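**Q** I would like to see how this sequence folds:
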Amino acid sequence: MSATWDPKDYANNSGGQQVWAEELIARLALDGSEAILDVGCGDGRMTAVLAGRVPEGRVVGIDSSAEMIEFAAGEFRDRAPQLSFAQIDAGAISFEDEFDLIYSNAALHHVRDHVPVVAGIARALRSGGRTMLSFGGRGNVAEVSAAVRSLMDEAGWSAYFAGEVFAYNFFGPEDYAVWLADAGLEPLRVELVPKDMVLSREKFVAWLRTTWMRYTQCVPEERREEFVDALAARYLEACPVDSAGLVHSKMVRLEVEARKA
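**A** Next up, the predicted model:
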């Protein structure tokens, strides 16, 4: 099933992704003249931040979602002449020797096959160019996934999940070591990094609705909010809120820094 993104909903409920994106950008050591490709740019907010860091360079944000690209272009394209957006799937990157940096945050776990992604990144990088990629890695959101699977098996919901449901791919460093080598990229750091996403219960429910669409959109629209509420309740049975009433979700990011020789 192909999921349909709601850009406004995502923009309002992606605070965790934004914080981690800002952490990545702070580590980039940009000189202001780089050409940057943002893979899976989503609502474009962090792509615009990147553009602000390279006033003498350029930034291209790509995403497979037409809805996201339309939103990003409408919100941010006119804010910086060095910024542009295009609807391109991560597995079909066709640029050649154009970018000094390829950046991606919280996007690539939505892609089934990473081999063409890595190959496209390698082609798009200039000699000496580098990557800064961060996405869900092995062990990510294990408790949420368990809650989803248990709900999918329940009478009343199981009929909506009779076919194959592809949701996310969570790989490890050993997977990427092979793919980087095959693409001719030199690994600089490939590491699983634990994270704790902390949200209010309201924001946690919104996050489930916003980013778990490959499951939630299997359910008819008239029952979708009911399913999201049931999923949140199932998760909180296993992982109760803390003393401040906040919900914790254990995340694991796979961070990939590599260079084109």
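
**Q** What are the contacting residues of the lengthiest helix in the chain?
**A** Ordering each helix of the chain by length in residues (DSSP state H) puts helix 221-238 first. For helix 221-238, contacts defined as Cβ atoms under 8 Å, 6 or more residues apart in numbering pick out 143-144, 146-148, 150-151, 157, 201, 204-205, 208-209, 212, 215-217, 219, 247. Any C-beta I mention is one placed from the backbone N, CA and C, and that applies to glycine too.

**Q** and the residue of the chain most remote from its centre, which of the three is it?
**A** Taking Cα atoms, centre = their mean, the residue of the chain most remote from its mean C-alpha position is residue 155, at 31.4 Å. At residue 155 the chain is in coil, as set by DSSP: H, G, I helix; E, B strand; the rest coil.

**Q** Buried subset of the contacts of helix 221-238 as a PyMOL selection?
**A** Only the buried entries of the contacts of helix 221-238 go into this PyMOL selection, using 16 or more other Cβ atoms under 10 Å:
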select buried, resi 144+147+148+151+157+204+205+208+209+212+215+216+217+219+247
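
**Q** Out of the contacts of helix 221-238, which sit inside helices?
**A** Going by DSSP H, the helices hold 143-144, 146-148, 150-151, 201, 204-205, 208-209, 215-216 from those.

**Q** For the residues you listed, give me TSV that also has pLDDT and distance to residue 124.
**A** Shown next, in TSV, are the ones in helices among the contacts of helix 221-238 (pLDDT from 0 to 100; distance: Cβ to Cβ, whole Å):
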residue	pLDDT	distance to residue 124
143	96	36
144	96	33
146	95	37
147	96	38
148	94	34
150	94	41
151	94	40
201	95	41
204	95	36
205	95	38
208	94	33
209	91	33
215	91	32
216	92	33
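
**Q** now, among those residues, which is nearest to residue 253?
**A** Closest approach between the ones in helices among the contacts of helix 221-238 and residue 253, by Cβ to Cβ: residue 144, at 14.9 Å.

**Q** From what I see, the closest one and residue 249 are in contact.
**A** Yes. Between residue 144 and residue 249 there is a contact under Cβ atoms under 8 Å: 6.2 Å.

**Q** Contact partners for the closest residue to residue 215 other than its chain neighbours?
**A** Distances taken as Cβ to Cβ, 6 or more residues apart in numbering place residue 148 nearest to residue 215, at 5.6 Å, with adjacent residues excluded. Counting by Cβ under 8 Å, 6+ apart, residue 148 makes contact with 167, 212, 215, 231.

**Q** my guess is residue 50 meets residue 104, correct?
**A** No. Using Cβ under 8 Å as the test, residue 50 is too far from residue 104 to be in contact (11.3 Å).

**Q** who touches both of those two?
**A** Shared contacts of residue 50 and residue 104, defined by Cβ under 8 Å, 6+ apart, are found at residue 38.

**Q** With residue 229 as the reference, measure out to residue 244.
**A** 22 Å (Cβ to Cβ, to the nearest Å).

**Q** Neighbour count for the two, which is higher?
**A** Neighbour count, other Cβ atoms under 10 Å: between residue 244 and residue 229, residue 229 has more, with 13 against 7.

**Q** Give me the distance between the more buried one and residue 180.
**A** Going from residue 229 to residue 180 by Cβ to Cβ gives 41 Å.

**Q** for residue 97, same thing?
**A** Distance, residue 97 to residue 180, by Cβ to Cβ: 18 Å.

**Q** Kindly report the same for residue 124.
**A** 14 Å.
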